[in-house]
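Visitor: Provided below are the primary sequence and the corresponding predicted coordinates.
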Amino acid sequence: MKDIMTAPFLTEVRKLLQNMYRLGWDERNGGNLSYILKEEELTPYLDVYKVIRNIPTNFDASPLAGRYFIVTGTGKYFKNVYDDPENNLGIMRVSADGQSVELLWGYADGGRPTSELPAHFRSHISRLSVDPEHRVVLHTHCTNVIAMTFVHSLDEREFTRTLWQMCTECLVVFPDGVGVLPWMLCGNDEIGIATAEKMKEYRLCVWGMHGIFGTGKTLDEAFGLVETVEKAAEIYVKIMNKPILQTITDEQLWILADAFGVTPREGFLEPRK
Ligand code: 2HA
Ligand code: ZN
């Protein structure tokens, strides 16, 4: 067996979470990640039939049965993942009945998956139903998105339109827009179900006064979506109290959509003239 510390997927996760910590988005134990791994990525490094322990999921994860995941641990700090992945991350397979996960590596100090596992697993189920290539769910407390949820309407069309207007690239990066949930108690099944419902239609879901969920086929895609929304929110927070002299009009957004071959979410832009 090769040393798992040299596995490309593990290096990628460690570097990503370190970067996010440095961006100031993941204070203390804020934020969590789950990433679908392919069996062939794991077998050079792990005996996938050697289960360390079973951890109950407390909901029916059977649509994910047999899938492998790397997941951040509950109570763990993104700050610490790079130097100590074996305590802060876990690699697991969803059991055949979907009632538990089989830990294959990690959570070395007796840890468990993130408290947001219901939101993650339910979001994976939603995204896989619309995109078989989907692999990543990333939750973070990106500062300006949270700030924006205090001062902006949480209507999805309004919220998305403002983000699209803040930088030219936004419409191109997330033409499907962002889903938005009001403040809800986190860590439970209710917010997991509400998030997963949004994820049938969106790759991004803002949690009011809390943070964001981003998804994608790769870590780069999920992170790229989140950082683009965060950048737009930062510009919004910087300009919102200043006199606005010009903005990007809907007509210009249509020109952009045509030029880049993207389809803005139906009804979010005013009809073309
Ligand atoms: O893991 O971010 O939403 C801590 C959180 C909960
Ligand atoms: Zn959170």
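Guide: That came in fine, so what should we check first? Ligands and ions are numbered 1, 2, ... in the order given.

Visitor: In a helix, Gln18, correct?
Guide: Yes. Using DSSP: H, G, I helix; E, B strand; the rest coil, the assignment for Gln18 is a helix.

Visitor: On the three-state scheme, the residue of the stretch 101-250 of the chain found nearest ligand 1 is what?
Guide: Closest to ligand 1 within the stretch 101-250 of the chain is Cys186: 4.2 Å, counting by C-beta to the nearest ligand atom. Placement of C-beta: from N, CA and C, glycine included. The assignment at Cys186 comes out as coil when based on three-state DSSP.

Visitor: my guess is it meets Phe213, correct?
Guide: No. Using C-beta atoms under 8 Å, Cys186 makes no contact with Phe213, being 11.0 Å away.

Visitor: So for the two, which residue has more residues nearby?
Guide: Under the neighbour definition other C-beta atoms under 10 Å, Cys186 and Phe213 were set side by side, and Phe213 has more, 30 against 16.

Visitor: Next, give phi and psi for the residue of the stretch 101-250 of the chain closest to ligand 1.
Guide: Per-residue torsions, Cys186: phi -90, psi 170 (degrees, to the nearest 10).

Visitor: check contacts around the nearest residue to it once chain neighbours are set aside.
Guide: For Cys186, the nearest residue in space outside its immediate sequence neighbours is His210; the separation is 6.2 Å by C-beta to C-beta, 6 or more residues apart in numbering. His210 is in contact with 141, 146, 149, 183, 186, counting by C-beta atoms under 8 Å, 6 or more residues apart in numbering.

Visitor: and stretch 78-85, does that touch ligand 1?
Guide: No. Counting by C-beta under 6 Å from any ligand atom, ligand 1 is not contacted by stretch 78-85; separation bottoms out at 9.4 Å.

Visitor: Pull out the buried residues from that stretch.
Guide: Within stretch 78-85, the residues that qualify as buried are 78-82, 85, counting by 16 or more other C-beta atoms under 10 Å.
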